[in-house]
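> my questions are about this predicted structure, shown below with the sequence.
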Amino acid sequence: MSNRINANQIKAELDSVIADADNTEPQLAQKLRQLSRWIKDKKPGLLTKKRLVMDLIIEVMQDAKFWLKIKDLAPDEKIAFDRQAQLTPPERYWYETLFPTWFKTPDPKLTTWTKKLMAEEFPNSDRSTISKFANEFDNLGAPTFYRYILDLSMATDLMISGQLKKSLAIQLTISNPKVLDEKQNNWRETLIYWDIKRGVLFSQSPDHPIEESVKSLLERSDSLNDGCYVVDISTNN
């Protein structure tokens, strides 16, 4: 991340974005204030050690700035911007739908993940698998999209789209089949809460080729109807 904001700057930068949001979107400002209170009493030395906390706040600030920029564009400016930005379907779905839904809606998981993230209690072991999936989607020319908020609040590891350019929320898991049913229920309820239209909870077997799993998910992306939330389990059969 170029021109990375450091721990000495981040509180002032966040306050600046909040001030900008206050003028045009108070609900965004209110959500950002929740993050501001989260780090308010933390010293720069501590925040420097909390890489995930810093990355999340920087990511949300960048999204807030971008959203505020496009919100006030005149129709002709919006057309010109769309041509220049060339957002992928998952990016467009995030900025036009899910990001504003997040800051306008109470986040029932926010209190939990802010505490756990600051305490470094969130395992990061699945990032390698997610990265391998993202790389394989990229190899096939399929856009992917990741955000901390998607992961922590919306039970979504990746947002993808296939040939029909319809966004699909994916959560990857290697859960024991005995607990998959409970996880499935929580996952589905979360997607419905955020009005995410389509989703796949994909259980990846360690010995199943990721290439085959990705092709299966791309087929789902083009075939799954709105309002459908399915569980796929990779097998070698």
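Perfect, I can see it now.
> check the offset of stretch 100-117 from the chain's centre.
Computed by C-alpha atoms, centre = their mean, to the nearest Å, the chain-centroid distance of stretch 100-117 equals 12 Å.
> make 177 the first number, not 1, from now on.
OK, 177 is where the count begins now, so the last one is stretch 276-293.
> what residues sit buried inside that stretch?
If you call a residue buried by 16 or more other C-beta atoms under 10 Å, then stretch 276-293 has these buried ones: 276, 278, 279, 283, 286, 289, 290, 293. For the C-beta atoms, the positions are set from N, CA and C on the backbone; glycine is no exception.
> likewise stretch 375-391?
375, 376, 377, 378, 379, 380, 389, 390.
> and for stretch 258-274?
263, 264, 265, 266, 267, 268, 269, 270, 271, 274.
> end to end on that stretch, go ahead and measure it.
18 Å (C-alpha to C-alpha, to the nearest Å).
> what does it contact?
Outside stretch 258-274, the residues that touch it by C-beta atoms under 8 Å, 6 or more residues apart in numbering are 239, 242-243, 246, 319-321, 323, 326, 330, 335-337, 341-343, 370-372.
> average pLDDT for that stretch?
Mean per-residue pLDDT for stretch 258-274: 94.
> and stretch 358-371, by the same measure?
Averaging pLDDT along stretch 358-371 gives 94.
> show me where this structure has its strands.
Ranges of strands in the chain, per DSSP state E, are 320-321, 334-337, 343-349, 374-379, 404-409.
> so which one among the buried residues of stretch 375-391 has the lowest pLDDT?
residue 380 (85).
> which residues touch that residue?
The contact partners of residue 380, by C-beta under 8 Å, 6+ apart, come to 305, 348, 349, 350, 386, 389, 410.
> wait, doesn't the second one sit right on residue 305?
This means residue 348. Yes: if you go by C-beta atoms under 8 Å, residue 348 and residue 305 touch, sitting 6.1 Å apart.
> who has more neighbours, those two?
Legend: neighbour count by other C-beta atoms under 10 Å for residue 348 and residue 305, higher for residue 348 (20 against 16).
> give me the pLDDT for the more buried one.
pLDDT, residue 348: 92.
> ok so, going back, would you list the buried entries among the contacts of stretch 258-274?
Neighbour counting with 16+ other C-beta under 10 Å marks 239, 243, 319-321, 323, 326, 330, 335-337, 342-343, 370, 372 as buried within the contacts of stretch 258-274.
> nearest to residue 231 among the residues you listed?
Distance to residue 231 across these (C-beta to C-beta) is lowest for residue 323, with 10.7 Å.
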